[in-house]
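> Whatever this is, show me its structure:
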Amino acid sequence: MSTFADIQKLDGAKLRYALMDLAKEVPDAIALGRGDPDLPTPAFIVEAARKAAAGPLAVAPLAGLPALRDAIARNAARDHGIAVGSDNVLVTTGGQEGLFLVMSALLDPGDEILVPDPRYSSYDQAISHTGATFVSVPTFAEEGFDIRPEEVERRITPKTRALLLVTPSNPTGGIIRPETALALAELAKRHNFVIVSDEIYGKFVWEPYRHFSIASLPGMLDHVITLSGFSKAYAMTGWRVGYVIAPERMIAAMTDIKAHTTGPVATLSQVAALAAAEGDDSCVRDFRAIYDERRRILGSGLSAMGLQFGEPRGGFFFWADSSSTGMRALELCYLLLKEARVLIFPGTAFGESWSNHLRITTLQPTEVLDQAAERMKAALAQIREAGAA
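So this is what the prediction gives:
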């Protein structure tokens, strides 16, 4: 196993992947790191793809299968009040490509984009390759990591081109509340910037909270680009189907970039996504019940081991404070992997200032989560005992 000195020089995605590589060397390690759903893709989606694979598969149009774009637009209107047509939809090779296409089409060297802190660090790479400047906006645990409009406003300059929102948030589990969305919408119109709203976890928001799409607000369709996909909602991570909802001029610009890079999304994957989009969503409701139970179980386990955490309002993550252990998060993650055989990610993988936080996922069966909690509890007890000696 690599030493602590090897990994403490890393941050962001490099740190996450280094820890995942270390976990491969640990027998019987329980992975509570990545955010990929562990549940199987629903059978009706797999069956649709199987039938399509039995016959000839033509290359899909560059922007996506027309039927899939239509279905995405209908569902956006039905589920989130985003009144768009298929010409406002681009199908992408996963949400990651969607993110890079958005930033490539939107940002120029010298532009500024406001980004909440903490954040999923892939945004950093997507922004930096355009030559634009990343401007960090703090969020706060006492507000469930909702973003403060006044913190956004004080960072707006003549170079501000966009604000990135992630709701529900990866890594904090926070959401953008409707009243916050309304205030941010007014800022976007007043200062003429674009809001990029990443809503990939939008199907999983926990009671009493509700998902809210800022593009649904009056007059905001020309000011909002919405990112989402099928990977989280339908356990389709490996199928690689995301999408962007945006004004037609942005869709055209992103499609042009896609023409010179990846080309269209695999037709077989789009057929599977179409089955999901046209389904009755009962599988998503079933998934939601499973994830909600896991959230309760893991939350009880973390409380029992003395870790404090903010209430996850959406998504698959707990954002826990490691301060009670007397250790920085990275060192604690390294020891938990070695001693408890549990992989979790330190906060520094999601922002430089989060050295006392941990991101822990719920994406394991309940019995495995119980086992992971017991392992971590025992290891933390030994760490605290050693610290008190």
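
> For the stretch 51-200 of the chain, which segments count as helices?
Using DSSP state H, counting those that start in this stretch, the helices assigned to the stretch 51-200 of the chain run over residues 66-80, 94-106, 122-128, 149-153, 178-191.

> For residue 362, find the nearest of the ones you listed.
Relative to residue 362, the nearest member of these by C-beta to C-beta is helix 94-106, separated by 19.3 Å. No exception for glycine: its C-beta is placed from N, CA and C like everyone else's.

> Pull the residues that contact the closest one.
The contact list for helix 94-106, computed with C-beta atoms under 8 Å, 6 or more residues apart in numbering, reads 90, 92, 113, 122-123, 126-127, 129-130, 132, 161-162, 194, 196, 198, 200, 225, 227-229, 231, 240-244, 246, 250, 253-254, 257-258, 262.

> can we see that at 7 Å?
Helix 94-106 has contacts (C-beta atoms under 7 Å, 6 or more residues apart in numbering) with 92, 122-123, 126-127, 130, 161-162, 194, 196, 200, 225, 227, 229, 231, 240-244, 250, 253-254, 257-258, 262.

> Next: stretch 202-219.
Outside stretch 202-219, the residues within contact range by C-beta under 7 Å, 6+ apart are 80-82, 165, 168, 175-176, 178, 181-182, 184-185, 189, 195, 197, 199, 220-221, 224, 226, 228, 232-233, 245, 284, 288, 291-292, 295, 312-315.

> in the chain, which ranges drop under the pLDDT threshold?
Where the chain drops to pLDDT under 70, the residues are 1-2, 387-389.

> Centre-most residue in it?
Centroid-nearest residue in the chain, with C-alpha atoms, centre = their mean: residue 170, separated by 4.5 Å.

> which non-adjacent residue is nearest that one?
Spatially, and ignoring its direct neighbours in sequence, residue 170 is nearest to residue 120 (4.6 Å; C-beta to C-beta, 6 or more residues apart in numbering).

> how far out from the middle of the chain is stretch 246-263?
22 Å (C-alpha atoms, centre = their mean, to the nearest Å).

> Give the buried residues for it.
The neighbour-count check on stretch 246-263 (16 or more other C-beta atoms under 10 Å) flags 246, 247, 250, 251, 253, 254, 255, 258 as buried.

> ditto for stretch 209-228
209, 211-217, 220-221, 223-228.

> Count the neighbours of residue 332 for me.
Residues within reach of residue 332, counting by other C-beta atoms under 10 Å, total 22.

> so what's the closest residue to it other than its chain neighbours up against?
Using C-beta to C-beta, 6+ apart and skipping the chain neighbours, the partner closest in space to residue 332 is residue 322 (5.1 Å). By C-beta under 7 Å, 6+ apart, the contact list for residue 322 reads 329, 332, 356, 357, 358.

> What values do phi and psi take at residue 322?
The phi and psi values for residue 322, taken as degrees, to the nearest 10, are phi -90, psi 0.

> what about the strands in the stretch 251-389 of the chain?
All strands of the stretch 251-389 of the chain, identified by DSSP state E, counting those that start in this stretch, fall at 308-309, 317-321, 342-343, 345-346, 357-361.

> Distance to residue 41 and mean neighbour count added to the ones you listed, as CSV?
Shown next, in CSV, are those (distance: least, C-beta to C-beta, whole Å; neighbours: other C-beta atoms under 10 Å):
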stretch, distance to residue 41, mean neighbour count
strand 308-309, 30, 16
strand 317-321, 21, 23
strand 342-343, 24, 24
strand 345-346, 25, 26
strand 357-361, 19, 27
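
> Out of the ones you listed, which gets nearest to residue 143?
Nearest of the strands of the stretch 251-389 of the chain (C-beta to C-beta): strand 317-321, 13.1 Å.

> and that closest one, which strands flank it?
With DSSP bridges as the test, strand 317-321 is paired with strand 308-309 (antiparallel), strand 357-361 (antiparallel).

> which SSE is the residue lying closest to residue 276 once chain neighbours are set aside in?
In space, and not counting its chain neighbours, residue 276 is closest to residue 234: 4.5 Å by C-beta to C-beta, 6+ apart. Per DSSP states H and E: residue 234 is located in neither a helix nor a strand.

> what about residue 234, neighbour count?
Neighbour tally, residue 234, other C-beta under 10 Å: 26.

> same question, residue 184
Using other C-beta under 10 Å: residue 184 sits among 26 other residues.

> do residue 296 as well
Residue 296 has 13 nearby residues by other C-beta under 10 Å.

> and if you look at residue 267?
So residue 267, with other C-beta under 10 Å, has 19 neighbours.

> what's the spacing between it and residue 58?
Per C-beta to C-beta, to the nearest Å, residue 267 is found 7 Å from residue 58.

> Kindly state the domain boundaries assigned to this structure.
Per automatic domain parsing, the domain ranges recorded for the chain read 4-31+283-388, 55-278.

> Just the buried ones from the contacts of stretch 202-219?
Buried members of those, counted by 16+ other C-beta under 10 Å: 80, 82, 165, 168, 175-176, 181, 184-185, 195, 197, 199, 220-221, 224, 226, 228, 232-233, 245, 284, 288, 291, 295, 312-315.

> Isn't residue 259 up against residue 63?
No - between residue 259 and residue 63 no contact is recorded; they are 9.6 Å apart, counting by C-beta atoms under 7 Å.

> what's the residue nearest to residue 170 in contact with, if anything?
Residue 120 makes contact with 166, 170, 171, 350 under the criterion C-beta under 7 Å, 6+ apart.

> tell me which of the residues you listed is nearest to residue 300?
Taking the contacts of residue 120 together and measuring to residue 300 by C-beta to C-beta, the closest member is residue 171, at 20.3 Å.

> who's in contact with the nearest residue to that closest one once chain neighbours are set aside?
In space, and not counting its chain neighbours, residue 171 is closest to residue 359: 4.1 Å by C-beta to C-beta, 6+ apart. By C-beta under 7 Å, 6+ apart, the contact set of residue 359 is 171, 317, 319, 344, 345, 347, 350.

> need those in TSV with distance to residue 43, can you?
Listed next are these as TSV, based on distance: C-beta to C-beta, whole Å:
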residue	distance to residue 43
171	31
317	27
319	34
344	32
345	32
347	38
350	35
